[in-house]
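>>> this one's structure only:
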């Protein structure tokens, strides 16, 4: 699993590394934010759906997918 949807919170959740989370939160502060608590400390990141740019979300989802996919599959795909 690399992503989930939390429609009741108007959020999606991506499972990222802490480094990727920090970069996305820094560069797109209004679209991405760490999930509160220990999940966020491990890289779980909210996608704020009502302010999300489709291209930025697509890129972030690709990062999360590449991290979760089997290495034999993800190695064939360039981000």
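Cool, the structure landed. All values reported here derive from a predicted model rather than from experimental measurement.
>>> And the strands in the protein?
3-6, 11-15, 32-34, 44-48 (DSSP state E).
>>> Pull the residues that contact the first one.
Looking back up the chat, that one is strand 3-6. Where contact means CB atoms under 8 Å, 6 or more residues apart in numbering, the residues beyond strand 3-6 that reach it are 12-15, 46, 61, 64-65. (C-beta placed from N, C-alpha, C; glycine too.)
>>> Report pLDDT for the nearest residue to residue 14 once chain neighbours are set aside.
Setting aside the residues directly before and after it, residue 14 is nearest to residue 64 in space (CB to CB, 6 or more residues apart in numbering), at 4.3 Å. With respect to pLDDT, residue 64 has a value of 95.
>>> so what's residue 64 up against?
2-3, 14-16, 20.
>>> now those residues: which count as buried?
Among those, those scoring as buried are 2-3, 14-16, 20 (criterion: 16 or more other CB atoms under 10 Å).
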